[in-house]
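>>> heads up, no residue letters with this:
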């Protein structure tokens, strides 16, 4: 999906976050943008920053949800365990953003990036 498809949701916070994240991802040559939400969950965007394309979207949560499509379980060494789910319906993104605000945007790197790369390759 092109980034414009997601921006058509009309959320200005998301628009700013993705524009910043895409620029950073392109500059650093990375493929994952992380957005931290006010409830502690996160959205992860698997992107091709050179084409402004979003390949997949994931929800990263400390809560297990058997109804969602689980990508994997990530455990920070000495830290929390997170469940990572694939989001395929844009209305779910809209619902999440209607109830939460965006706190932080970053390009994902290091151990989480390695985990995600391995997980999407399966």
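Sure, I can see it. Since this is a predicted model, take the numbers as computed values, not measurements. Residues are numbered from 1 along each chain as shown.
>>> top strand in the protein by residue count?
Ranked by residue count and defined by DSSP state E, the top strand of the chain is strand 53-61.
>>> in the strand or helix carrying residue 16, which residues are buried?
Under the criterion of DSSP states H and E, residue 16 resides in helix 12-28. Neighbour-count burial for helix 12-28 flags 14, 17-18, 21-22, 25-26 (criterion: 16 or more other C-beta atoms under 10 Å). For glycine as for every other residue, the C-beta is placed from the backbone atoms N, C-alpha and C.
>>> in stretch 89-103, what counts as buried?
93, 96-97, 100, 102.
>>> run the chain-centre distance for that stretch.
In terms of C-alpha atoms, centre = their mean, to the nearest Å, the centre of stretch 89-103 is set 12 Å apart from its chain centre.
>>> rewinding a little: among the buried residues of stretch 89-103, which one lies nearest to residue 54?
Using C-beta to C-beta, residue 93 comes nearest to residue 54 of the buried residues of stretch 89-103, at 10.4 Å.
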